[in-house]
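Novice: just to be clear, the model below is a prediction. Sequence and coordinates:
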Amino acid sequence: MEERVTDWSRGLELKAGEWFLGLYQPSPETVGYWDGVKAHELRLKHCAACDRALHPKRIVCTDCGSDALAWKRASGRGEVYSFSEVHRAPSPAFAGSVPYTVGIVKLEEGVFLFSRLQGGPVAIGAKAEVGFRVLELGNLMPVFTVKA
């Protein structure tokens, strides 16, 4: 049997049907989040039972197990938890944007979000605040500006 080797030299588009994995993906449990993005608001789920803020994709509270979740506007402020600078475009649509920075922001509410980072200098622990930009694929997305 011949071994099959994938050529990764030009990258690989990760798609599920018409969706690019890891990018703009509205789904039933995240409708409130994307409605907030359209309104230039960052929204998180909050548990009515214990008042914990939760990631937009959660369907039950990770602390108490309640499914009584409601959307609330988040502060939009946090700090850089982790980041990486991208030097190779994952697809031709991103070729004009490299290099760019992506990372995880820990919000004041304790929720971690993956996002594009701008401004700077970008460093672990740097303060960041959300804004909204249309990115390469034409979707309005939350983007965090790092405060110097």
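Specialist: Happy to help now that I have it. Residues are numbered from 1 along each chain as shown.

Novice: hey, which helix or strand in the protein has the poorest pLDDT?
Specialist: Here the helix or strand of the chain ranked lowest by mean pLDDT, DSSP states H and E is strand 19-20, holding a mean of 50.

Novice: helix/strand/coil for residue 103?
Specialist: Per DSSP: H, G, I helix; E, B strand; the rest coil, the secondary structure class of residue 103 is strand.

Novice: could you list every residue that touches the closest residue to it other than its chain neighbours?
Specialist: Spatial nearest neighbour of residue 103, chain neighbours left out: residue 83 (3.1 Å); criterion: Cβ to Cβ, 6 or more residues apart in numbering. Heads up, the C-betas are built off the backbone N, CA and C, glycines and all. Each residue near residue 83 by Cβ atoms under 8 Å, 6 or more residues apart in numbering is listed here: 101-104, 117, 122, 124.

Novice: repeat the analysis, applying 6 Å as the threshold.
Specialist: 101, 103, 117, 122 (Cβ atoms under 6 Å, 6 or more residues apart in numbering).

Novice: where does it land on pLDDT?
Specialist: pLDDT recorded at residue 83 is 97.

Novice: that one: which element?
Specialist: For residue 83, the element it lies in under DSSP states H and E is strand 77-86.

Novice: partners of that strand, with directions?
Specialist: strand 100-107 (antiparallel), strand 127-134 (antiparallel) (DSSP bridges).

Novice: got a list of contacts for the last one?
Specialist: Residues from elsewhere that reach strand 127-134, judged by Cβ under 6 Å, 6+ apart: 40, 42, 76-80, 105, 140, 142-147.
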